[in-house]
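[1] Would you be able to build a 3D model of this:
(chains A, B, C and D)
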There are 2 protein chains.
Amino acid sequence: MTVSLEQLEAFVASAEHGSFSAAGRALRKAQSAISTQVANLETDLGVMLFRREGRHPVLTPAGDRLLREARVVLDRRAHLIGVAASFEAHVESRLVVAIDELYPEAVQAELLAEFAAHFPHVELELLFPMMEDVSRLVLDGKADIGVMWRQEVLPPEIGFHTLGWVPLQLVCGKDHPLAEGVVEWEDLKRHRQLMVAVRSEGPEKQRLRTAAEVWWVESHWVILQLVRRGIGWALVPDHIIRESTVREDLAIPPLRFDGADWPVALELVWHKQRPSGPAARWLRERFTARRISDWPDPIGG
Amino acid sequence: MTVSLEQLEAFVASAEHGSFSAAGRALRKAQSAISTQVANLETDLGVMLFRREGRHPVLTPAGDRLLREARVVLDRRAHLIGVAASFEAHVESRLVVAIDELYPEAVQAELLAEFAAHFPHVELELLFPMMEDVSRLVLDGKADIGVMWRQEVLPPEIGFHTLGWVPLQLVCGKDHPLAEGVVEWEDLKRHRQLMVAVRSEGPEKQRLRTAAEVWWVESHWVILQLVRRGIGWALVPDHIIRESTVREDLAIPPLRFDGADWPVALELVWHKQRPSGPAARWLRERFTARRISDWPDPIGG
DNA sequence: TAGCATCCATCTGAAAATCAGATAGGCCGA
DNA sequence: TCGGCCTATCTGATTTTCAGATGGATGCTA
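    Residues are numbered from 1 along each chain as shown, chains lettered A, B, ... in the order given. This next block holds a predicted model:
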């Protein structure tokens, strides 16, 4: 005879419930069934799993080790059944999500943890496109869902939903001239501005442009590295400044002028024509429910 | 009905052999048995595993994914049976090996890879004791096998076997005075020597001592870092110099005197009284078979 | 210490699953 | 078109699993 799953179930239940009788009750089987299953398992494996002195059977060292192995086998079967159930429900077996770095990592991690709990059988691929456009990835079918900073007017095939507005903050290096005092609007124009590079061309690309001289850099994180070296100033979201490893070397100078939080829209985007499965719908709903106002407080707030 | 291992076996065999009939031949069962098992599995999972158009059944996407899961379940059962067989053969479920850094990492990795292949069910714990004595770990039962640099006379409870002699090399920093020309014996005495610190006291500790001024450092790797800074000279085995990340900053000056490879004995040690299982015996044999002459060539040779 | 509840092992017959063999039908190359 | 190979399904036999009953042992408790 070979090791069967019923034997392993009886074994695990016995170990978990402390007795063969209790295991039988838990599995809705007779005590005799459990007893013989465990006994057969022991002869099959050639190893004693329980010591039977005393009132309750107690695991031998071998039993303790094999219990873990048995649990793994049963867990894998349960997992297989779960995967099959996902197929039956036409859940995507794979989901590609492209997220701009503007979206806070902490919120993203929380959301994806929830996702993993709800859809343990979906292979998730996360993209963090640097210079590539998230909307283009979604348009080309390379991503199912995207979270992006709205740069241009979106093509009509793309469905979108505004998640909120991310306030940007003016930062420069500690030794930068702007760090000296209160900053005037005209001051900004005189120094080099560092901006996030995008592939697409259009008016939105220039919206935040203030200075005469601009460097285009592919990531806010890299921008902070350059800002720290005094290469220029930049507009960067709070949470990226906060989580940066170089934040001690950065300065956030006070401003003399109003309305200067330069908000940027974060959009959730998807392809209207491509049918989305339960996993994509769920994730879209969760992204939408997580308003930006729920996000962790900005520095000094 | 629930998913059984027989169903998974029939499924995997069918996928691997390309047809239900071939699977039946491979499993020494009738074709009808395979056919019904697979069909039952499909109804249990609610998912079509094969498309039956044409001559041979061909996996559906779901079947392809679930095939991997099925293999995992079967592999885990095989693993469980293997663990049980190890227990039956009284193989250790755990083995602690303490290896001195003098033993080359490459050889050690090769040996342990072989070990993992032979004893996949043994939990191996590797210790790389710095200042602690390997012999003491073995004596106290904290390690089952040890590989150590012989420092003192070993206590009688310890069994040992000499694996070979590791030649040491004189190294100093590139800017160290000794790097200038050919080194005389008397030159060594004038400069600071860096030696490996050991807890035990005794004459062996001082055997390699040459200089008047000595610093004791807990690891050859750390010694090389200090040597690189010009803090002193040291005797270090070839392979550690070769694998060091700072080897470009080191100098190996030529010597004016003979017999200057300062060989150090590497010993395999174990506790005589404690019974050793098959895994420990196997590992001891393999360590012994790997003579030091088999080791990779030293620098320049 | 005796009684009682609970546990385990084992037996027995019934229920269920598995299997081999047979049969019928489909696909494909010669 | 035929023959070989395949699959699905049926049937009865074999094997396995199961529940219930019984006897013996343990431990708690009055």
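[2] From here on, just use CA atoms for contacts and neighbour counts.
    OK.
[3] Lowest-scoring secondary structure element of chain A by mean pLDDT?
    Across the helices and strands of chain A, mean confidence by mean pLDDT, DSSP states H and E is lowest for helix A:203-206: a mean of 67.
[4] Quick one: the helices in the stretch 1-150 of chain A, in order.
    Ranges of helices in the stretch 1-150 of chain A, per DSSP state H, counting those that start in this stretch, are A:5-17, A:20-27, A:31-45, A:61-88, A:105-118, A:134-139.
[5] looking at those, which is buried most?
    Highest mean neighbour count of the helices of the stretch 1-150 of chain A: helix A:134-139, a mean of 24 (counted as mean count of other CA atoms under 10 Å in any protein chain shown).
[6] what's in contact with that helix?
    A:98-100, A:143-148, A:154, A:157-158, A:269-271 (CA atoms under 8 Å, 6 or more residues apart in numbering or on different chains).
[7] same thing with stretch A:241-256?
    By CA under 8 Å, 6+ apart, the residues outside stretch A:241-256 that reach it are A:169-174, A:178-185, A:221, A:224-225, A:227-228, A:298-299.
[8] next one: that stretch to chain centre, how far?
    The gap between where stretch A:241-256 is centred and where its chain is centred comes out at 26 Å by CA atoms, centre = their mean, to the nearest Å.
[9] And the closest residue to A:F119 other than its chain neighbours, how close does it get to A:G146?
    In this structure, A:F119 finds its nearest non-sequential neighbour in A:A279, 7.0 Å apart by CA to CA, 6 or more residues apart in numbering or on different chains. As for A:A279, its distance to A:G146 is 14 Å (criterion: CA to CA, to the nearest Å).
[10] who has more neighbours, those two?
    A:G146 (27 against 20; other CA atoms under 10 Å in any protein chain shown).
[11] roughly how far apart are the more buried one and DNA strand C?
    Look at A:G146 and DNA strand C: by CA to the nearest atom of the strand, to the nearest Å, they are 42 Å apart.
[12] contacting residues for that residue?
    Applying CA under 8 Å, 6+ apart, we find A:G146 in contact with A:V97, A:A98, A:I99, A:D100, A:V134, A:S135, A:V138, A:L268, A:V269, A:W270.
[13] is it in a bridge, and if so with what?
    On the basis of DSSP bridges, A:G146 is bridged to A:A98, A:V269.
[14] Identify the residues contacting A:L27.
    Contacts here follow CA under 8 Å, 6+ apart; on that basis A:L27 touches A:A10, A:A13.
[15] again, 10 Å this time
    Under the criterion of CA atoms under 10 Å, 6 or more residues apart in numbering or on different chains, the contact partners of A:L27 comprise A:E9, A:A10, A:A13, A:S14, A:S21, A:I34.
[16] Hmm, A:A13 and the last one touching each other?
    Translated: A:I34. Yes: A:I34 lies in contact with A:A13 (CA atoms under 10 Å); the separation is 9.0 Å.
[17] where along the stretch 201-301 of chain A do the strands fall?
    Across the stretch 201-301 of chain A, reading from the start of the chain, the strands by DSSP state E, counting those that start in this stretch fall at A:214-217, A:233-237, A:250-251, A:264-271.
[18] Which of those sits closest to DNA strand C?
    Nearest of those to DNA strand C, taken as CA to the nearest atom of the strand: strand A:264-271 at 37.3 Å.
[19] Show me what the closest one is packed up against.
    Helices and strands touching strand A:264-271, by 3 or more CA pairs under 10 Å, 6 or more residues apart in numbering or on different chains; DSSP states H and E, are strand A:94-99, helix A:134-139, strand A:145-149, strand A:158-166, helix A:278-289.
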